[in-house]
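Student: pasting the sequence and the predicted coordinates here, then a few questions.
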Amino acid sequence: MRIPLYLMAPVLLAAACSTAPSSLSKEEEAFVSTADSTNLANDITALNSPSRKRVRTADVRCRVSNVFSSLSALEHTVIGVGGMVGESTMHNDVAMTQDLPYSVDSLKRVQLYTPTATLTLRVPAASLDSVVHTLTSMATFIDYRTMKDEDKTLLYLSNSLKNDAPEPAVLKPTAKGTALDVATYQDQRYDEGTNRRIANLAILDDVHYATFSVQLFQPQQADIQVIVNPDKVTRAGFGTRILTALVAGTETLSNVFVFLLSCWPFLIVVVAGWFGYRRMMVRH
């Protein structure tokens with residue numbers, strides 16, 4: 001008997017999902033296997049046990065004498081200890097811009113600004129304290145300094161134990177569940193296990209490399225430059241202005257004359273009213 005195609009599709013899909021070969025290399029598989037490792041080298045009952053999954057972060061905002069110099073020094077320090085500069089941004093916050101008279105055809109432009117910089121650094125956890133000390137030694141004023149040490153051991157173990165749990169018996173299609181339902185359930189279990197492994201790998205990455213967020217600023221600076229006065233440069237010559245004024249006056253006079261001409265009906269009414277008023281006064 002020939003099986004219809006729409007009945008074979010769910011079965012083939014389930015078989016493909018269960019027999020798909022792994023595309024990971026041996027090195028990648030070894031790296032992924034560390035996400036499910038519960039064989040800790042040390043006793044985790046001790047708070048400072050090396051086996052604990054402790055994630056360190058730091059956040060500092062401070063004033064320095066020169067933002068660019070401090071920024072460059074900090075970036076070189078982080079790279080020197082084997083870290084990474086995730087983000088480095090420098091910009092000027094302009095507070096005021098004013099143009100003042102300077103000479104006949106030029107202006108003095110005064111601009112007040114504050115140089116600022118923002119960095120996101122990934123630093124080896126063992127070197128975080130020395131990098132923070134390097135920054136604070138360059139600071140002339142510390143706005144705030146925050147250091148955190150989060151213990152994610154239990155979350156790591158929870159994900160590992162769930163992934164190490166024995167696989168349930170292979171489900172088979174029943175009257176209420178089709179082969180497609182079984183395949184969907186197996187895919188969901190696979191996705192959940194993969195997400196837990198990725199979460200554990202992220203924890204391990206954060207354990208080895210601390211995140212250091214930095215904000216730098218320096219005292220307000222003044223940028224002074226002499227610029228061309230646009231009013232003086234674009235102003236027409238004396239002769240051109242005289243000719244323009246004569247033309248403008250002529251146009252104004254012609255406009256007034258045309259306006260008066262357009263009012264002739266009102267003038268006739270006014271004149272007629274005036275004569276009528278005079279005749280009435282004579283009769284009386």
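Tutor: Nice, thanks for sending it over. These numbers were taken from a predicted model, which means no experiment stands behind them.
Student: so which bits of the lengthiest helix in the chain are buried?
Tutor: Ranked by residue count and defined by DSSP state H, the top helix of the chain is helix 179-208. Residues 179, 182-184, 186, 193, 196-197, 199-200, 203-204, 206-207 are the ones in helix 179-208 that count as buried (16 or more other CB atoms under 10 Å). Any C-beta I mention is one placed from the backbone N, CA and C, and that applies to glycine too.
Student: stretch 132-148 now?
Tutor: In stretch 132-148, the ones that count as buried by 16+ other CB under 10 Å are 132, 134-135, 139.
Student: circling back to that earlier point, report all helices and strands that the longest helix of the chain contacts.
Tutor: helix 5-19, helix 26-33, strand 54-64, helix 153-164 (3 or more CB pairs under 8 Å, 6 or more residues apart in numbering; DSSP states H and E).
Student: what's in contact with the next helix or strand after it?
Tutor: Sequence order places strand 209-217 as the next helix or strand after helix 179-208, per DSSP states H and E. Around strand 209-217, the neighbours that count as contacts under CB atoms under 8 Å, 6 or more residues apart in numbering are 55-64, 67, 70-71, 74, 78, 83-84, 114-125, 128, 131-132, 135, 143.
Student: what count of nearby residues applies to K152?
Tutor: Neighbourhood size, K152 [other CB atoms under 10 Å]: 20.
Student: grab the nearest non-local neighbour of it.
Tutor: K53 (4.7 Å; CB to CB, 6 or more residues apart in numbering).
Student: pretty sure the one you found is touching A202, no?
Tutor: No. Using CB atoms under 8 Å, K53 makes no contact with A202, being 10.7 Å away.
Student: I would like the residues contacting stretch 64-78, please.
Tutor: Against stretch 64-78 from outside (CB under 8 Å, 6+ apart): 84-85, 88, 90, 115-117, 119, 121-123, 131, 134-135, 138-140, 212, 214, 216-218.
Student: and the host helix or strand of P101, average pLDDT?
Tutor: Assigned by DSSP H and E, P101 belongs to strand 84-103. Strand 84-103 comes out with an average pLDDT of 91.
Student: just stretch 199-219 next, same as before
Tutor: Rounded mean pLDDT across stretch 199-219 is 92.
Student: sorry, back to before: weakest of the helices and strands packed on helix 179-208 by average pLDDT?
Tutor: helix 5-19 (a mean of 42).
Student: show the buried residues in the contacts of strand 209-217.
Tutor: 55-56, 58, 60-64, 67, 70-71, 74, 78, 83, 114-119, 121-124, 128, 131-132, 135.
Student: helices or strands up against the helix or strand where V123 lies?
Tutor: Element membership of V123 [criterion: DSSP H and E] is strand 106-124. Strand 106-124 sits against helix 67-80, strand 84-103, strand 209-217, strand 221-228, with contacts defined as 3+ CB pairs under 8 Å, 6+ apart.
Student: between the helix or strand following it and helix 67-80, how many degrees?
Tutor: Next helix or strand after strand 106-124 toward the C-terminus (DSSP H and E): helix 128-138. Helix 128-138 runs at 160 degrees relative to helix 67-80, counting by axes from the mean of the first three to the mean of the last three CA atoms, to 10 degrees.
Student: so what touches helix 128-138?
Tutor: 56, 58, 60, 62, 64-65, 70, 73-74, 77-78, 81, 83, 121, 123, 142, 145, 147, 210, 212, 214.
Student: again, only this time at 6 Å
Tutor: 56, 58, 64, 70, 74, 77, 123, 210 (CB atoms under 6 Å, 6 or more residues apart in numbering).
Student: the longest helix of the chain to strand 54-64, inter-axis angle?
Tutor: Using the same axes, to 10 degrees: helix 179-208 against strand 54-64 is 50 degrees.
Student: rewinding a little: from L128, how far off is the residue nearest to K152?
Tutor: Separation of K53 from L128 (CB to CB, to the nearest Å): 16 Å.
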